[in-house]
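**Student:** Structure here, sequence nowhere to be found:
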């Protein structure tokens, strides 16, 4: 069923895991009597600020809704962050526990939309550092997440001396033990075997993505991969749409 309905809401919250208040934005399509509701968390690449170099993910999702490309029963939710988001917890400063903050947002939203009549599914969509973050959240909290949609992400990132990682994690050894995605015993095959893992193409991180895909192959974890999705390194409704189709969240073939 196609619907042009689009509702947008913004709320301010204060979390123990952020240094200041943050905003949660939500846009959704029509919520019908169908048994499944899909919560899609749009993970930003940049912290809250006036100018966004890489675009705003939820604005791209809203464009798709306005063009009637998104199915009913889809809610897009985008939290913002005080510092550059890497979706991990700082080694010592609780106010930079971005992973716990994100999980808090996900749990609260799932509680808000859960009822006895609907099965709520949770997906994460991101690119670059937020694509890395989506995979980190899936690997560490698989019980909450049904799938991830990732495009052009540094999935094999090893050092915290670039891209603003140092201020978020605080210590290289701590990162190695807890957040290096290719670390030994980092993959739990049993927990990931029924998850929807969608990894698109590249702009900057083909080698890094390929290295992570090799790890999934080694552990016999199923995934969808389309190496032909080549777009500039920024939020774009086109690659977002392509990844959403793998989760049956879109309506019609896009021109």
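**Tutor:** Nice, thanks for sending it over. For clarity, every value in this text was computed on a predicted model and none was experimentally measured. Numbers count the residues shown, from 1 in each chain.

**Student:** quick one: residue 37 is in a strand?
**Tutor:** Yes - applying DSSP: H, G, I helix; E, B strand; the rest coil, one finds residue 37 inside a strand.

**Student:** Contact partners for it?
**Tutor:** Each residue near residue 37 by C-beta atoms under 8 Å, 6 or more residues apart in numbering is listed here: 31, 73, 75, 113, 118-121. Where C-beta positions appear, they are placed from N, C-alpha and C, glycine not excepted.

**Student:** which residues of the stretch 151-255 of the chain score low on pLDDT?
**Tutor:** Scanning the stretch 151-255 of the chain for pLDDT under 70 picks out 252-255.

**Student:** show me where it has strands.
**Tutor:** Applying DSSP state E, counting those that start in this stretch to the stretch 151-255 of the chain gives strands spanning 196-199, 224-225.

**Student:** and the shortest one, what does it pack onto?
**Tutor:** In terms of contacts (3 or more C-beta pairs under 8 Å, 6 or more residues apart in numbering; DSSP states H and E), strand 224-225 is packed against strand 196-199.

**Student:** And the longest one, by the same measure?
**Tutor:** With contacts taken as 3+ C-beta pairs under 8 Å, 6+ apart, strand 196-199 sits against strand 147-151, helix 206-218, strand 224-225.

**Student:** what do you get if the cut-off is 7 Å, keeping everything else the same?
**Tutor:** Judged by 3 or more C-beta pairs under 7 Å, 6 or more residues apart in numbering; DSSP states H and E, the packing partners of strand 196-199 are strand 147-151, strand 224-225.

**Student:** do you know how far residue 107 is from residue 87?
**Tutor:** Spatial separation of residue 107 from residue 87 under the definition C-beta to C-beta, to the nearest Å is 15 Å.

**Student:** Comparing the two, which residue is more hemmed in?
**Tutor:** Comparing residue 107 with residue 87 by neighbour count (other C-beta atoms under 10 Å), the higher total belongs to residue 87, at 25 against 13.

**Student:** pLDDT at residue 4, what is it?
**Tutor:** Note on residue 4: pLDDT of 54.

**Student:** got CSV for the helices and strands packed on strand 196-199, with distance to residue 51 and mean neighbour count too?
**Tutor:** Putting the helices and strands packed on strand 196-199 into CSV (distance: least, C-beta to C-beta, whole Å; neighbours: other C-beta atoms under 10 Å) gives the following:
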stretch, distance to residue 51, mean neighbour count
strand 147-151, 22, 27
strand 224-225, 33, 16
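
**Student:** Make JSON lines from these and add distance to residue 160 to it.
**Tutor:** Shown next, in JSON lines, are the helices and strands packed on strand 196-199 (distance: least, C-beta to C-beta, whole Å):
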{"stretch": "strand 147-151", "distance to residue 160": "20"}
{"stretch": "strand 224-225", "distance to residue 160": "27"}
